[in-house]
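# heads up, no residue letters with this:
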């Protein structure tokens, strides 16, 4: 099975990311991404406009299709990404290869990736800092393990939050130097397969709770305030998440289970405010169920003692 090669619309982003990495980032990672950009720019240039899988022979300096396919891919259901910290997630998959493919060669590599949008025209893509490691288990099968390394301040926009699809790719350089302007692309084999799975890339969330007065007389009003915020990948800060339904919950002191008292909606700045009548000592907290773009989060409970 030959897999159609494509990186439509992404080569520019890859090239930019390779140049825009922070100085503290490892040189090996930057080199890897720059090399990957060149390989997959060539793949994009060699891709026809047809959808789905297709076979193609090498001509006019175009890479040829590697006899490789990918399956059994496993990825986390969701990846929480904050504002600045590096986030890494592991992906495993099975790689099937033909007899003419030497997956043990020093210049053969494979790696998983995430893409936002369609396979033919992705809006964005995320790769790892290095290639996957593979263990050959039979004459035509290998089990592979790679990572996706995310640096939100460099590669993510707020609109990127939500569902991403997962793909895997492979390249056989066959002695060609991809840093050379004289590279013979017809001797380079490439394979790329999308639609292997899905995951959520989410803007990490924070939730606070504060209850007053402390202590409070039994039957009097307790005012509970808080704020729901989430990572803003464009500003590098956390900003309020407006218009979201949040549960106000209570746990009696000495017990372990929270019960929902009511629901409250966040205002334009993500702030929350509600009132309840005091009955017994206990902990108040807000709880957010999450969305596809933002993970669920529970605020720490705030203890209020009740006086008789």
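In hand now; what should we look at? Please read these numbers as outputs of a predicted model, since none were measured by experiment.

# ok, residue 193 touching residue 170?
No - when contacts are counted by C-beta atoms under 8 Å, residue 193 is not listed as touching residue 170 (9.0 Å). Where C-beta positions appear, they are placed from N, C-alpha and C, glycine not excepted.

# Model confidence score at the residue positioned nearest the centre of the chain, please.
By C-alpha atoms, centre = their mean, the chain has its centre lying nearest to residue 201, at 3.9 Å. Looking at residue 201, its pLDDT reads 98.

# So, low pLDDT: which residues of this protein?
1-60 (pLDDT under 70).

# which residues in it form helices?
For the chain, the helices defined by DSSP state H occupy 11-20, 27-45, 152-155.

# From the chain's centroid, how far away is the shortest one?
Going back to what we said before, that points to helix 152-155. 11 Å (C-alpha atoms, centre = their mean, to the nearest Å).

# which secondary structure elements does that helix contact?
helix 11-20 (3 or more C-beta pairs under 8 Å, 6 or more residues apart in numbering; DSSP states H and E).

# So for stretch 114-134, what gets flagged as buried?
If you call a residue buried by 16 or more other C-beta atoms under 10 Å, then stretch 114-134 has these buried ones: 114-117, 119-120, 122, 124-132, 134.

# Out of these, which sit inside strands?
114, 115, 116, 117, 122, 124, 125, 126, 134 (DSSP state E).

# from those, which is closest to residue 164?
residue 114 (4.4 Å; C-beta to C-beta).

# can you pull the buried residues of stretch 233-249?
233, 238, 239, 240, 241, 244, 246, 247, 248, 249.

# In contact with the fifth one, which residues?
When contacts are counted by C-beta atoms under 8 Å, 6 or more residues apart in numbering, residue 241 touches 205, 228, 229, 230, 266, 270, 294.

# Check whether the third one really touches residue 270, as I assumed.
Yes - here residue 229 lies in contact with residue 270, judged by C-beta under 8 Å, at a distance of 5.3 Å.

# Overlap in contacts, the two.
Common neighbours of residue 229 and residue 270, using C-beta under 8 Å, 6+ apart, are 239, 240, 241.

# Just send those back as CSV, with distance to residue 185 too.
CSV is the format used below for the shared contacts of residue 229 and residue 270 (distance: C-beta to C-beta, whole Å):
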residue, distance to residue 185
239, 45
240, 50
241, 47
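
# Which of the residues you listed fall within strands?
Using DSSP E, these in strands are 239, 240.

# Let me know the closest of the shared contacts of residue 229 and residue 270 to residue 77.
Closest to residue 77, out of all of the shared contacts of residue 229 and residue 270 and judged by C-beta to C-beta, is residue 241, at 20.7 Å.

# And the closest one, how far from residue 291?
Distance, residue 241 to residue 291, by C-beta to C-beta, to the nearest Å: 9 Å.

# Next, the contact list for the spatially closest residue to residue 217 that is not a sequence neighbour, please.
Distance criterion C-beta to C-beta, 6 or more residues apart in numbering; nearest residue to residue 217, sequence neighbours excluded, is residue 307 at 5.2 Å. By C-beta under 8 Å, 6+ apart, residue 307 lies in contact with 215, 216, 217, 218.

# Count the residues that sit near the residue nearest to the first one when sequence neighbours are not counted.
Spelled out, it's residue 215. Spatially, and ignoring its direct neighbours in sequence, residue 215 is nearest to residue 305 (4.2 Å; C-beta to C-beta, 6+ apart). If you count neighbours by other C-beta atoms under 10 Å, residue 305 ends up with 12.

# Next one: residue 305 from residue 279, what distance?
12 Å.

# which residues sit in contact with residue 133?
Shown in contact with residue 133 (C-beta under 8 Å, 6+ apart): 144, 145, 146.

# hmm, back to that, considering the ones in strands among the buried residues of stretch 114-134, which is situated nearest to residue 93?
residue 134 (9.4 Å).

# so how far is residue 195 from that closest one?
From residue 134 over to residue 195 (counting by C-beta to C-beta), the distance is 21 Å.

# Please apply the same query to residue 65.
Noted for residue 65: a distance of 17 Å to residue 195, by C-beta to C-beta.

# Just want to know which of these two has more residues nearby.
Using other C-beta under 10 Å, the more surrounded residue of residue 65 and residue 195 is residue 65, with 22 against 12.

# circling back: looking at the buried residues of stretch 233-249, which one is closest to residue 211?
After measuring the buried residues of stretch 233-249 against residue 211 - C-beta to C-beta - the closest member comes out as residue 248, at 9.9 Å.

# Around residue 183, how many other residues sit close by?
17.

# need the contact list for it.
Residue 183 makes contact with 176, 177, according to C-beta under 8 Å, 6+ apart.

# Just name the closest of the contacts of residue 307 to residue 260, please.
residue 216 (20.4 Å).

# For the stretch 201-308 of the chain, which segments count as strands?
Shown for the stretch 201-308 of the chain, the strands assigned by DSSP state E, counting those that start in this stretch span residues 205-212, 216-217, 221-232, 237-240, 245-252, 259-265, 271-277, 282-288, 297-298, 302-304, 306-307.
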